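Participant: Predicted model and sequence follow; I will ask about them next.
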Amino acid sequence: MHGFVVKPAGSAGTGGGKVPVAFLIHGGPQGSFGDHFHYRWNPEVYAGHGFGVVMIDFHGSTGYGQAFTDAISGDWGGAPFDDLMMGLDAALASYTWLDKTRMAALGASYGGYMINWINGKTDRFKALVCHDGNLDERMAYFDTEELWFPEWEHGGVPWDKPEGYTKHNPVDLVKNWKTRPW
């Protein structure tokens, strides 16, 4: 896997000081981070405000071969979640100026889905930002015009293949959600 770390602007993160972390999660899920300006989660904007930015290309990301891209289908909360957590851990171990006690995770679309999944799986983040991410994969099928996509990703329609919609469904983990002070 590949990832990117963007150092904050100015002198933040130098001289042994620690900076908060903005952990950005791309959408898609068949997407990728690249060296381009993006209107949604632009790492330079976060770095400009003093955050150390971490971005991981997890299973499903494009640019690493079709098998790697296809690996996310039917496994939305599995390998991609593991990749994200391992990638974040590797960044924290490599860049000691990243403050693991002050981290926010942010994502949109599939990244937003992953924020909801993360909220039920770990409490390591002080803040989570979900932008247009699915909370309930079963109900999301009924509020989209893009039916091909969920049928492909989850192995069929929800009434014929309910297990595809419940295997990694964030709404089933809401009981684990917590809040804590920044």
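Facilitator: All right, it came through fine.
Participant: name the element Gln53 belongs to?
Facilitator: One thing to correct before we go on: residue 53 is Val, not Gln. Element membership for Val53, per DSSP states H and E: strand 52-57.
Participant: what does Leu84 give?
Facilitator: Short version, using DSSP H and E: Leu84 is in helix 79-94.
Participant: and Asn119, which of the three is it?
Facilitator: Here Asn119 takes the helix state, with states given by DSSP: H, G, I helix; E, B strand; the rest coil.
Participant: Excluding chain neighbours, what is closest to it?
Facilitator: Trp177 (5.0 Å; Cβ to Cβ, 6 or more residues apart in numbering). All C-beta spots, glycine's among them, are computed from the backbone N, C-alpha and C.
Participant: Distance-wise, check that neighbour relative to Leu128.
Facilitator: Applying Cβ to Cβ, to the nearest Å, the value for Trp177 to Leu128 is 9 Å.
Participant: residues contacting the most centrally placed residue in the chain?
Facilitator: Nearest residue to the geometric centre of the chain (Cα atoms, centre = their mean): Ile25, 3.3 Å. Residues counted as contacts of Ile25 (Cβ atoms under 8 Å, 6 or more residues apart in numbering) are 41, 55-56, 84, 105-107, 110-111, 114-115.
Participant: Beta-bridge partners for it, please?
Facilitator: For Ile25, the beta-bridge partners are Gly107 (DSSP bridges).
Participant: how close does Val54 get to Glu151?
Facilitator: In terms of Cβ to Cβ, Val54 sits 33 Å off from Glu151.
Participant: With Arg102 instead?
Facilitator: Distance from Arg102 to Glu151, by Cβ to Cβ: 40 Å.
Participant: and if you look at Asp136?
Facilitator: 17 Å.
Participant: Could you check which of Trp177 and Leu128 is surrounded by more residues?
Facilitator: Legend: neighbour count by other Cβ atoms under 10 Å for Trp177 and Leu128, higher for Leu128 (20 against 12).
Participant: tell me the secondary structure for that one?
Facilitator: Criterion first, three-state DSSP; result for Leu128: strand.
Participant: shouldn't it be in contact with Ala104?
Facilitator: Yes - counting by Cβ atoms under 8 Å, Ala104 is a contact partner of Leu128 at 7.0 Å.
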